[in-house]
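Undergrad: below are the sequence and a predicted model for it; my questions follow.
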Amino acid sequence: MNRLLALILLFGVTGWMGTQAETGEADLSALERGKAIAFDRNAGNCLSCHMMDDGELPGNSGPPLIQMQVRFPDRAVLRQQIWDPTIRNPQTVMPPYGKNLVLSEEEIDLVVDYVLSL
Amino acid sequence: MVRTTILGAGLLLLGSVSLVSAPLASETSDTNSGIDPQADRQALRDFYTQRFPDVPLEEHKNGVYAFDEGAREQWLEMEDFPPYEIAVDDGAELYETPFADGKGYPDCFGDGAVKGRYPHYDEVRSEVVTLEMAINDCRADHGEAPLAYDGAEITRLTAYMAYVSRGQIIDVALPEGEGPLAAYEAGKRFYSTRRGQLNFACSSCHVQLAGNRLRAERLSASLGQVTHWPVYRFKWQDVGSLHLRFNECNSQVGAEPFPPQSEEYRNLEYFLSYMSNGLALNGPASRK
Amino acid sequence: MRTALPALLLIALAACTKSEVPADPAEQARAAVAEAEAHYQASWEAGHAWRATKALIDDARAALELGDYETAASSADRATAMAEASLAQAEAESTAWRDRFPFSS
């Protein structure tokens, strides 16, 4: 029963975020959308801690995001690291973007694909 | 162990993380028996000595300007014409203005140089008393309505009182006995508890990441965080209290903040003040 | 610490009403908002309320006023999920905070 509710909820949530992302952004490629989410201060805000791509004034609290495909040959591992990094390191300061619903599941997929392109 | 579980190239971050995660707490009981403020304070001081080997601990009263050379220069230039000066002048006038009964703040606080006495744990009231509370107590004693804790008037009064209290050394009495230890522990717990959608504790930024940059901003150390209030913050375009800054920090990590002078924030101020024992009061100050 | 018990009872009540969900979209949306509010209240009482949860509930209420029941229900459902995540944070932090400091105790 609980699981069913959670499922309904999950579909409701992704459906809602889906419509949000689709409007007005359909012209952007998936990678560009991923980058926009990663750079947005009210979404990923990755530049707070990570040097990445052409982002200006990055923070230095996390590792630079380079050679990501070498570091994360398994996409699922990177996805989990963004979804909830405290699984791998309970003391990390990186926010659990999926677990705490900072980003939708679809947005996380877009960010993962973009980060893997770095 | 932590080191090996993280991103391969994450050593920059991990160096700091493994440092703080090393002494894992084993104590889980809620009694006061395991609470040792003296040991906590020493451990925190040792931590910052290691983290900032070139910065004397007392210097952290200047926040990030203790270790950020570039920002320090700008700040010192700003201090030539201190933006909090008007608040101090206004505060002096308010301080000298008599109440309706002919008495005034000087009847409660003398020359006003009393900031070093706060916060403290009041055994009779069984709670932490701050300077702001004492101001409203004084008003109540003389039949005056309390000032709003987030209003301009009380911040101007504290700006003046901080100014005349400059140089006093923070010397919060060692928390002993049930009440003080519980308040201390509540403050320590608040500082160490992850909050908000972004899942940050105060200590995430100001212990684990102290000295690092978030975007272009350096993160200050916990030591010295209470010495210099109220602060003229350019972001606020006004002077604001320590509790307003607590409120802002909580909001920034996505947490619903607590009101100024709430029990949560008073206990936090008490804990942080004890940690800063030995540092000189240097308020009001200016910050970006 | 505040006790979350009264709010948890509210959630239980909301859950009961939800089990007899009416087919009417307006009623469904109203029930979803009520459930989100009860969860938010519980997170607040646990000292772990999130601003994003509150913002979604405000969105849901506004949509309800406008008769946009679909948006109201989806915002409310997301708010409920967020409040559950913040309650999980409160639960985890009730012990985890002790491991976080370079402190001795």
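TA: The structure has been received and is ready for your questions.

Undergrad: only C-alpha atoms for contact and neighbour calcs from this point on.
TA: Fine.

Undergrad: tell me the centre residue of chain C?
TA: C:His39 (2.8 Å; Cα atoms, centre = their mean).

Undergrad: next, count neighbours for the nearest residue to it once chain neighbours are set aside.
TA: Once flanking residues are discounted, C:His39 sits nearest to C:Ala83: 5.6 Å by Cα to Cα, 6 or more residues apart in numbering or on different chains. C:Ala83 has 29 neighbours, counted by other Cα atoms under 10 Å in any protein chain shown.

Undergrad: how close does B:Val207 sit to B:Phe200?
TA: For B:Val207, the distance to B:Phe200 equals 12 Å [Cα to Cα, to the nearest Å].

Undergrad: strands of chain B, start to end?
TA: Using DSSP state E, the strands of chain B run over B:120-122, B:127-129, B:213-214, B:217-218, B:231-233, B:238-240, B:285-287.

Undergrad: for the chain, give me the ranges with low pLDDT.
TA: The chain I'm using is chain A. Chain A contains residues with pLDDT under 70 at A:1-27.

Undergrad: oops, chain B please
TA: Residue ranges of chain B with pLDDT under 70: B:1-32.

Undergrad: show me where it has helices.
TA: B:2-5, B:11-21, B:37-51, B:69-78, B:85-96, B:105-109, B:131-141, B:152-164, B:178-192, B:202-203, B:242-252, B:263-275 (DSSP state H).

Undergrad: got a markdown table for these, with mean neighbour count too?
TA: Listed next are the helices of chain B as a markdown table, based on neighbours: other Cα atoms under 10 Å in any protein chain shown:
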| stretch | mean neighbour count |
| --- | --- |
| helix B:2-5 | 14 |
| helix B:11-21 | 18 |
| helix B:37-51 | 17 |
| helix B:69-78 | 13 |
| helix B:85-96 | 18 |
| helix B:105-109 | 16 |
| helix B:131-141 | 17 |
| helix B:152-164 | 24 |
| helix B:178-192 | 22 |
| helix B:202-203 | 22 |
| helix B:242-252 | 18 |
| helix B:263-275 | 25 |
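
Undergrad: closest to C:Thr95 out of those helices?
TA: Each of those has some distance to C:Thr95 by Cα to Cα; the shortest is helix B:178-192, at 9.7 Å.

Undergrad: give me the residues contacting the closest one.
TA: B:32, B:35, B:37, B:121, B:123, B:126-128, B:175, B:201-204, B:264-272, C:97-98, C:100-101 (Cα atoms under 8 Å, 6 or more residues apart in numbering or on different chains).

Undergrad: coming back round to it: to chain C, which of the strands of chain B lies closest?
TA: For these, the distance to chain C is smallest for strand B:127-129, at 14.8 Å, taking Cα to the nearest Cα.

Undergrad: so what touches that closest one?
TA: For strand B:127-129, the surrounding residues in contact (Cα under 8 Å, 6+ apart) are B:Tyr118, B:Pro119, B:His120, B:Tyr121, B:Asp122, B:Gly179, B:Pro180, B:Ala183, B:Glu263, B:Arg266, B:Asn267, B:Tyr270.

Undergrad: again, only this time at 10 Å
TA: Contact partners of strand B:127-129, identified using Cα atoms under 10 Å, 6 or more residues apart in numbering or on different chains, comprise B:117-123, B:179-180, B:182-184, B:261, B:263, B:265-270.
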